[in-house]
Each structure stands twice: as C-alpha cells, then as structure tokens.
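# 3D model of this:
(one chain, ligands or ions: 1)
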Amino acid sequence: MKPKVTTEAHLLDTVHRHEWKHRDSWRALRILSEFVDGFDTLADLEPAVSVFGSARTTPDRPEYALGVELGGALARAGFGVITGGGPGTMEAANRGAREAGGVSIGLGIELPFEQKLNDFVDVGIDFRYFFVRKTMFVKYAQAFCVLPGGFGTLDELFEALTLVQTKKVTRFPVVLLGVDYWQGLIDWLRDRMLQAANIRKDDLDLMLLTDDVDEAVAHIARECDYLRKAAEV
Ligand SMILES: C/C(=C\CNc1ncnc2c1ncn2[C@@H]1O[C@H](COP(=O)(O)O)[C@@H](O)[C@H]1O)CO
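All right, here's what the predicted structure looks like:
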C-alpha cells in the first residue's frame, strides 16, 4: 500500500514548494492550534519525566522489561511518565506507569502508516508536527530518560543536550539507561568530539549513564529537589 502523505510532509515539501506557498500561511494557524491543544491538555500536569527509546522493541526484549521497570519506578516516585505514545519502549514505559498507578501520558505523532496510541496511555494527544510535540516533551518534563533506540531516540537525546548546553533549559537531568548500548557513543563523544574541541569536558557531565533504574530515579528526584529549592529562594 502506498504510504499516505502526512500534513508535516506537505509543510516540509521542497519540490512542490510553489504550489503550497499560499497555503503555508494557513498552516501556521493549524500549527498554532496544535500548540494550544498541547498547552491546554498538559498545563496542570504534576512533575513528569519524558522517556524515549526504540519504537521497535518487542515485549520479549530486555529493553522492554527495562522500560516497564522504569515507568513503574518513576510513577512510584511521584513522576508522571511522558512518551511518544507509540509501540516498543514507549509502550513499555507507559505500561509500567499505568500498572504502578501513575499518570501515563502519550504524545502521538501522525505517520504515513496507520498507528494508534498504545493501550497503556491514559492522557493522549495526537500531533501532526514533530517540532510541536518535541516542545511538549521538554516543557512538561523535569528530566529525560533515554533507553536504547535509533534515529528518533538520538534526535530526542541530542535536542535535550543542545537545550541544556545552550542554557535554554537549566540543570535538566538526562539519564541514559543501558550501559552496554550507550557506552560506545559516550566513548566516541569523549575520544572524537571532545578531542576535536567540538564540545567541552563538562558537556559530558550532562548525562548520567547507568543500568540501575533506582539510581536513575534517585538522580532525577535529587536534581528536581535542588531545582525546587533554588526556585524558592
Ligand atoms: C517505526 C515504528 C513505529 C514508529 N512509531 C512511532 N510512534 C511514536 N513515536 C515515534 C515513532 N517512531 C519514532 N518515534 C519517536 O522517536 C523515538 C523512537 O525512535 P527510534 O528511531 O525507534 O529510536 C521515540 O521516543 C518517539 O518519540 C515501528 O512500529
């Protein structure tokens, strides 16, 4: 079956740009309404953590179990769990949150193939535009947890790191879960990127790398406490 062309694909289409040029200004209203929907739905959300990871993780994989464990631990620590609302690790984290009695949020995205929010989402929004959805992941979360994943996961990880590095957000904890999976990337960042002076040494300290869900949640809780106290004075 031919994949359908999504709304976002029209916006980003460079080939038929002239055909779309008059409609693009109207699209801005649709984009605005998507921001409004997101802000309205999430405005009263209690502290939450955005969890990222592969859409392709199957329930028999250890990464899925890790996602369920993390979602549960975050919920028990009083954090809502925000994911992309899709399958794989997103589903796992939503499932863990729901089963622990926490708040399970899914920010879905329109894709060229049929997809619905996973069955463990309690508060769900469907976005057309990735960039609107990405704003919500950051704006309504106190931290990011990143499980093994592919391009989408790396995009979300590096967006967070860029925002912290450029001080668009301050002291935003970023936890990488899965030492075996992420260690190679961390080594490359240190041995190539840092050596080439494209990042600073303390940029590497923006991430906590661990296999231990309790350590991850304790780290996030500590950082959030610090930020809450700093905001009070
Ligand atoms: C490819 C498959 C499903 C795609 N469905 C997605 N639904 C929701 N969110 C998605 C999807 N794909 C990517 N994302 C976002 O990126 C991260 C995962 O990307 P990765 O490339 O798989 O690492 C995830 O955190 C989402 O926010 C298969 O059925």
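# Could you tell me which residues of the protein lie near the ligand?
Taking CB under 6 Å from any ligand atom as the test, the list of the chain residues beside the ligand reads 52-56, 84-87, 90, 109, 111, 115, 149-153, 156. For the C-beta atoms, the positions are set from N, CA and C on the backbone; glycine is no exception.
# from those residues, which would you call buried?
Neighbour-count burial (16 or more other CB atoms under 10 Å) is assigned, among those, to 52-55, 84-87, 90, 109, 149, 152-153, 156.
# and the residues you listed, which two are the farthest apart?
Greatest spatial distance among those (CB to CB): Pro87 and Glu156, at 16.0 Å.
# Glu8 in helix, strand or coil?
The three-state label for Glu8, taken from DSSP: H, G, I helix; E, B strand; the rest coil, comes out as helix.
# What strand or helix carries the residue nearest to Val123 when sequence neighbours are not counted?
The shortest distance from Val123 to any residue that is not its chain neighbour, by CB to CB, 6 or more residues apart in numbering, is 4.6 Å, and that residue is Ile105. Under the criterion DSSP states H and E, the helix or strand holding Ile105 is strand 104-109.
# Helices of the protein, residue ranges please.
Along the chain, the stretches classed as helices by DSSP state H are 7-12, 17-42, 62-76, 89-99, 130-139, 151-165, 179-188, 213-232.
# Nearest to Asp203, out of those helices?
helix 151-165 (5.7 Å).
# how about that closest one: buried residues?
By neighbour count, with 16+ other CB under 10 Å as the criterion, the buried positions of helix 151-165 are Gly152, Thr153, Glu156, Leu157, Ala160, Leu161, Leu163, Val164.
# quick one, what contacts the first one?
Taking CB atoms under 8 Å, 6 or more residues apart in numbering as the definition of contact, the neighbours of Gly152 are Phe52, Ala55, Gly84.
# what residues are up against the residue nearest to Val132 when sequence neighbours are not counted?
Setting aside the residues directly before and after it, Val132 is nearest to Glu34 in space (CB to CB, 6+ apart), at 4.6 Å. Glu34 makes contacts with Phe127, Arg128, Tyr129, Val132, as judged by CB under 8 Å, 6+ apart.
# That concludes my questions; thank you for your assistance.
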